[in-house]
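Below: sequence and its predicted model.
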Amino acid sequence: MSLIQQLPALQIAVPLMTAPLVVLLRGPGLAWAAASAASLMAFAIAIAITSMVLSGGALSYEMGGWPAPYGITLEIDALSALVLLLVTGASAVTLLCGRASLARNMDAGRQHLFFAAWLIVLAGLSGIAVTGDAFNVFVFMEISSLASYVLIAAGSDRRALTATFKYLIMGTIGATFYLIGVGLVYMMTGTLNFADMEVRIVDVADQRPILVAAGFITVGLALKAAVFPLHIWLPSAYTYAPHMVTAFLAACSTKVALYVLLRFDFLVFQGNLEAHAVQTAIFLAPLALLGILVGSAVAMVEGNIKRLLAFSSVAQVGYILLGASFASIAGLTASVALMFNHALAKGALFLAVAAIATRVARLRLDDIAGIGRRMPWTCAALALAGASLVGIPGTAGFVSKWLLLQAAFAQGAFGMVAAVVVIVSSLAAVFYVWRIVECVYFGTPKSDETTIAEAPLPLLGGLWLVALANVYFGLVPALPVTLAETAAADLLRHLQ
């Protein structure tokens, strides 16, 4: 078997095998270099896999040569490839450009353990995206979650421990709900392989355990994805984690949970449970609309910039769920494109926050007033990423919001209500993004700012790379839109 054929397995193996090496290296510089190299390699593998999926369709890899359902298979389709790009790209960029920021947040003697935990998170999230086995999703979910708790708790603010504990409790409940649901499905079908489960569930679709399983799995994954009102862990986790950890997790963590939710609800349940499409719409659509409105409203009045952006993420999760609740090709295309484009915008915004934090001790709006005069490049990138989050034409954010509005207009009366909510929340985004921009450019500094200088060059370079990606994929959206359209067609193949 050639190396190319081994890429799905290497996607998990590279970061997972590098983690113990990082612990042995111990030196912070060597540990960072090894972790960065592993992340870059994982990103390169994801790019190669995406190219193969676009040119030849879905990939399948049998672990140990054992075919499904007896063995464990890795399955990568367009949706998996898009999620892999987000996870590995976020890890590579944040590690490469964030060494200075990370060094400020922790003791040098513990950095090798931190980087090892980072690679375990990367391996776990990648494993969720590529595995074709429902139980292995749980295994990789727990691997990534346990290591994520370590990353968040590494913050210098002692409130990071409280945030980690809240995340741990809510994450454990979500994983337990998911595992109960998978257990019920296994009890009724005798398989854990997604493809085999999809076929066998037809014979027991009317049995109550399957209906209960659908509820447990949906709620458990909704909690992991921070769907309103199950989002209470997210604002504190994003606020008190080290800044580069926030940039990494905000770009991809909730997207991975949403990926599993879409795969279960549409590929396993949707085509087999007659009422599930209606139930999904009735359950998800109101929560999506409430999440959009509440997240946007809280962001409008929040004074801490990281917490503001965290509540904005709650609203963005609502956008993704809203598109999925339409259960249409257009809606799911918008939903998947939103996953990609929100990762770009929010990743750039949190990188900008990390850059500002290298020069400013606190991150309340009044503490960063006027900083644009001393950090013009950082604040320009922040404004550009904010424009993408709002959905200004010419940015990636505009493409996905336009797709969502088009999908909403095709849904009749409910779609009109949804479109109004999207437009209102976009205006709210204009307001809270402008609060940040106005503060950094036109605010009056609280104290002498002569000691404030531009962000470190590596961090500034990574920030601008992601900020310009928002413009590139706004002008040339072929890659995310093609992946999104292919993923939507695959998710809805039963209902076409």
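Looks like it arrived, so ask away.

which intervals of the protein have sub-threshold pLDDT?
The chain contains residues with pLDDT under 70 at 1-3, 104-109, 205-206, 270-281, 446-451, 494-496.

Please enumerate the helices of the stretch 301-450 of the chain.
305-325, 329-357, 376-390, 396-409, 412-442 (DSSP state H, counting those that start in this stretch).

Could you export the ones you listed as CSV, including mean neighbour count and distance to residue 182?
To be clear about C-beta, it is placed using only N, CA and C from the backbone, and glycine gets the same treatment. Formatted as CSV, the helices of the stretch 301-450 of the chain follow (neighbours: other Cβ atoms under 10 Å; distance: least, Cβ to Cβ, whole Å):
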stretch, mean neighbour count, distance to residue 182
helix 305-325, 26, 20
helix 329-357, 28, 23
helix 376-390, 23, 35
helix 396-409, 23, 30
helix 412-442, 17, 31
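
Quick check: chain neighbours aside, which residue is closest to residue 423?
Leaving aside its sequence neighbours, residue 423 sits nearest to residue 405 (Cβ to Cβ, 6 or more residues apart in numbering; 7.8 Å).

State the distance from that neighbour to residue 319.
Separation of residue 405 from residue 319 (Cβ to Cβ, to the nearest Å) stands at 11 Å.

what is in contact with those two at once?
residue 422 (Cβ atoms under 8 Å, 6 or more residues apart in numbering).

re the thing from before, output the helices of the stretch 301-450 of the chain in TSV; the columns should cover distance to residue 64.
What follows is the helices of the stretch 301-450 of the chain, written out as TSV (distance: least, Cβ to Cβ, whole Å):
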stretch	distance to residue 64
helix 305-325	35
helix 329-357	32
helix 376-390	44
helix 396-409	39
helix 412-442	47
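
of all the ones you listed, which lies closest to residue 91?
helix 329-357 (10.8 Å; Cβ to Cβ).

Now do the closest one: distance to the chain's middle.
8 Å (Cα atoms, centre = their mean, to the nearest Å).

so it versus helix 376-390, what angle?
160 degrees (axes from the mean of the first three to the mean of the last three Cα atoms, to 10 degrees).

now helix 329-357 against helix 305-325, angle please.
170 degrees.

Next, the nearest residue to residue 64 once chain neighbours are set aside: secondary structure please.
Nearest non-adjacent residue to residue 64, counting by Cβ to Cβ, 6+ apart: residue 71, 6.0 Å away. Secondary structure assignment for residue 71 (DSSP: H, G, I helix; E, B strand; the rest coil): coil.

begin at 521 from here
Shifting the count to begin at 521 puts that one at residue 591.

correct me, but residue 591 touches residue 652?
No - the criterion here is Cβ atoms under 8 Å, and residue 591 misses it with residue 652 at 10.0 Å.

Have a look at those two and say which one is more surrounded.
residue 652 (27 against 13; other Cβ atoms under 10 Å).

how far away is the more buried one from residue 804?
25 Å.

which residue ranges form the helices in the stretch 671-820 of the chain?
679-709, 714-720, 728-744, 754-760, 763-782, 796-821.

Buried deepest among the ones you listed, which one?
Across those, averaging neighbours per residue (mean count of other Cβ atoms under 10 Å) puts helix 763-782 on top, at a mean of 26.

how many degrees apart are that helix and helix 679-709 in direction?
Using the same axes, to 10 degrees: helix 763-782 against helix 679-709 is 20 degrees.

CA atoms of helix 763-782 as CSV?
Extracted in CSV, the C-alpha atoms of helix 763-782 (Å, rounded to 0.1, in the frame of the first residue of the first chain):
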residue,chain,number,x,y,z
HIS,A,763,-5.4,33.6,23.9
MET,A,764,-4.0,31.2,21.3
VAL,A,765,-6.0,28.3,22.7
THR,A,766,-9.1,30.4,22.3
ALA,A,767,-8.2,31.2,18.7
PHE,A,768,-7.6,27.4,18.0
LEU,A,769,-10.8,26.1,19.7
ALA,A,770,-13.1,28.9,18.5
ALA,A,771,-12.1,28.1,14.9
CYS,A,772,-12.9,24.4,15.0
SER,A,773,-14.1,22.9,18.3
THR,A,774,-17.9,23.5,18.0
LYS,A,775,-17.7,22.9,14.3
VAL,A,776,-16.6,19.3,14.9
ALA,A,777,-19.5,18.7,17.2
LEU,A,778,-21.9,20.2,14.6
TYR,A,779,-20.3,17.9,12.0
VAL,A,780,-21.2,14.8,14.1
LEU,A,781,-24.7,16.2,14.7
LEU,A,782,-25.2,16.6,11.0
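
Contact partners for the residue nearest to residue 943?
939, 942-943.

Tell me the one of these nearest residue 694?
residue 942 (26.9 Å).

can you tell me how far the closest one sits from residue 597?
Following Cβ to Cβ, the distance that separates residue 942 from residue 597 is 28 Å.

which residues sit against stretch 527-539?
Outside stretch 527-539, the residues that touch it by Cβ under 8 Å, 6+ apart are 554-555, 557-559, 561-562, 565-566, 568-569, 572, 579, 581, 583, 594, 596, 604, 608, 611, 636-637, 639-640, 642-643, 646-647, 650.

Give me the PyMOL select line for these, limited to the buried ones.
Those of the contacts of stretch 527-539 that count as buried under 16 or more other Cβ atoms under 10 Å are selected in PyMOL with:
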select buried, resi 554+555+558+559+561+562+565+566+569+572+579+581+583+594+596+604+608+611+636+637+639+640+642+643+646+647+650
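
what's the neighbour count on residue 723?
11.

do residue 584 as well
If you count neighbours by other Cβ under 10 Å, residue 584 ends up with 6.

May I have the phi/psi pair for it?
When read as degrees, to the nearest 10, the backbone of residue 584 gives phi 70, psi 10.

cool, and the one 5 residues further on?
Residue 589 adopts backbone torsions of phi -90, psi 10, taken as degrees, to the nearest 10.

could you list every residue that touches it?
711-713, 716.

rerun at 6 Å
By Cβ atoms under 6 Å, 6 or more residues apart in numbering, residue 589 lies in contact with 711, 713, 716.

what do you get for residue 713?
So residue 713 contacts 588-589, 652-653 (Cβ under 6 Å, 6+ apart).

any idea how far residue 646 is from residue 595?
13 Å.

same deal with residue 758?
31 Å.

and what of residue 812?
Counting by Cβ to Cβ, the separation of residue 812 from residue 595 is 32 Å.

likewise residue 973?
49 Å.

Geometric centre of this structure: which residue is closest?
residue 772 (2.3 Å; Cα atoms, centre = their mean).

which residue packs closest to residue 543, ignoring adjacent ones?
Closest to residue 543 by Cβ to Cβ, 6+ apart is residue 636, at 4.8 Å.

quick one: contacts for the one you found?
Residue 636 neighbours (Cβ under 6 Å, 6+ apart): 539, 542-543.

hmm, 10 Å instead?
Residue 636 makes contact with 535, 538-545, 551, 554-555, 667, 670 under the criterion Cβ atoms under 10 Å, 6 or more residues apart in numbering.

Equivalent analysis for residue 975, please.
By Cβ under 10 Å, 6+ apart, the neighbours of residue 975 are 617, 620-621, 871-872, 874-879, 895, 897-899, 901, 981-983.

same question, residue 762
Going by Cβ under 10 Å, 6+ apart, the list of residues near residue 762 reads 618, 621-622, 624-626, 634, 671-677, 680, 768, 874, 877.
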